[in-house]
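[1] using only what follows, build the 3D model:
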Amino acid sequence: MALLPGPSPALKEPATPPRALILNADDLGYDPGITRGILQALREGVVSSSTLLVNTPWSEEAARQARGLAIGLHLNLDRGPPVGPDFPLEFRSVDGGFIGARVDALPADVVEAEAFAQLGRAERMLGQAVTHLDVHKHLHRHPRVLEGLARVARRAGLPVRSIDADMREALRVLGVATNDHFVGESGEAAYWTPERFAAALTALPSEGITEWMCHPGHLPEVVTSRYAAQREVELATFLHPRSREALDRAGLRTTDFRVLGTS
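    The predicted model follows:
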């Protein structure tokens, strides 16, 4: 069950279709400029889902503005302070924050406790149940992080993003619902250009639940990010009328992780 009372009627889970496309924007709450762009993409564009970082100075305001939208938890084990009170000191930096380079050494029990704490904070901030779980920088590629996260997902009855076939299989063995296909990256160049959007839509599998991970936003106002101007390119792609028209021609409407139901 979710940590908070069940979702409002606006958040009712739809029936699972034979094919569905989730367009999820990572990094809600990372920076005010990024948050503004994500919310614009959700409200005016074809982006249908987002995930919230809960341990930044801008998390609470981002969550307040996102209430009523389809929002998951973007579990953060890489930077900023832990949320749980008992996160081990040996895995903290001198300023008390996470040490991203040591995540692979975290015991599954520690990951479970921190993920549960971050999930609780997300739902309190949002005032609603989250739709799913994913992880900042895909740190659940480390086996013990995946195990700890899966324990929380099972307790909460939530799906978890998988980024490849091995992770997908591991999550399902652990009893956790996940997407069937995954597309997305962030690098030196903007990933979601109009050309890539069209090509990915043409290549969309005819069956299963596909997630397109994306990073739309306005330029960061406070944080330093290697993926900055690229976010504005992605935002323009998702706001452009041609993107919605292409989805319409394909007979698709983007959805969110509630399409998977609960594990």
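
[2] going forward, measure contacts and count neighbours with C-alpha atoms only.
    Fine.

[3] how about the strands of the stretch 51-200 of the chain, start to end?
    Under the criterion DSSP state E, counting those that start in this stretch, the stretch 51-200 of the chain contains strands at 71-75, 133-135, 181-183.

[4] dump the residue contacts of the residue nearest the centre of the chain.
    Of all residues in the chain, the one closest to the mean position by Cα atoms, centre = their mean is residue 51, 3.6 Å from it. Going by Cα atoms under 8 Å, 6 or more residues apart in numbering, residue 51 touches 24-28, 71-74, 133-134.

[5] let's go with 10 Å and repeat that
    24-29, 38, 63, 70-75, 122, 130-136 (Cα atoms under 10 Å, 6 or more residues apart in numbering).

[6] chain neighbours aside, what residue packs nearest to it?
    residue 72 (4.4 Å; Cα to Cα, 6 or more residues apart in numbering).

[7] shouldn't the one you found be in contact with residue 29?
    No. Judged on Cα atoms under 10 Å, residue 72 makes no contact with residue 29 at a distance of 11.9 Å.

[8] which of those two has more residues huddled nearby?
    For residue 72 and residue 29, the more surrounded residue by other Cα atoms under 10 Å is residue 72, and the numbers stand at 31 against 26.

[9] what does the pLDDT read for the more buried one?
    Residue 72 is assigned 98 on the pLDDT scale.

[10] ditto for the one 3 residues further on
    Predicted confidence (pLDDT) for residue 75: 98.

[11] check contacts around it.
    27, 51-55, 111, 114-116, 118-119, 122, 133-140, 149.

[12] list the beta-bridge partners for it.
    Counting by DSSP bridges, residue 75 forms beta bridges with residue 135.

[13] report the separation between it and residue 21.
    22 Å (Cα to Cα, to the nearest Å).

[14] burial of residue 221, as a residue count?
    11.

[15] how near is it to residue 45?
    For residue 221 relative to residue 45 (Cα to Cα), the value is 22 Å.

[16] one more: residue 37?
    Relative to residue 45, and taking Cα to Cα, residue 37 is found at 10 Å.

[17] give me the more crowded residue out of these two.
    Taking residue 37 and residue 45 together and counting by other Cα under 10 Å, residue 37 has the greater number of neighbours (24 against 19).

[18] on that earlier part again, quickly list what's touching both of residue 72 and residue 29.
    Both residue 72 and residue 29 are contacted by 51-53, under the criterion Cα under 10 Å, 6+ apart.

[19] so which residue of this structure lies furthest out from the middle?
    Largest centre distance within the chain, by Cα atoms, centre = their mean: residue 94, 28.3 Å.

[20] which residues does residue 181 contact?
    Per Cα under 10 Å, 6+ apart, neighbours of residue 181: 21, 161-165, 168, 204-205, 207-212.

[21] closest to residue 80 among those?
    residue 161 (22.2 Å; Cα to Cα).

[22] which ones are touching that closest one?
    132-135, 138, 140, 167-168, 171, 176-182, 211, 213, 257.

[23] tell me how far stretch 212-220 lies from the chain's centre.
    12 Å (Cα atoms, centre = their mean, to the nearest Å).

[24] need the CA coordinates for that stretch. PDB is fine.
    Extracted C-alpha coordinates of stretch 212-220, given in PDB (Å, rounded to 0.1, in the frame of the first residue of the first chain):
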ATOM      1  CA  TRP A 212      11.000   7.500 -22.600                       C
ATOM      2  CA  MET A 213      13.200   9.200 -20.000                       C
ATOM      3  CA  CYS A 214      13.700  12.900 -20.600                       C
ATOM      4  CA  HIS A 215      15.200  16.000 -19.000                       C
ATOM      5  CA  PRO A 216      13.300  19.100 -20.100                       C
ATOM      6  CA  GLY A 217      13.700  22.400 -18.300                       C
ATOM      7  CA  HIS A 218      14.700  26.000 -18.400                       C
ATOM      8  CA  LEU A 219      18.300  26.900 -17.700                       C
ATOM      9  CA  PRO A 220      19.300  26.100 -14.100                       C
END
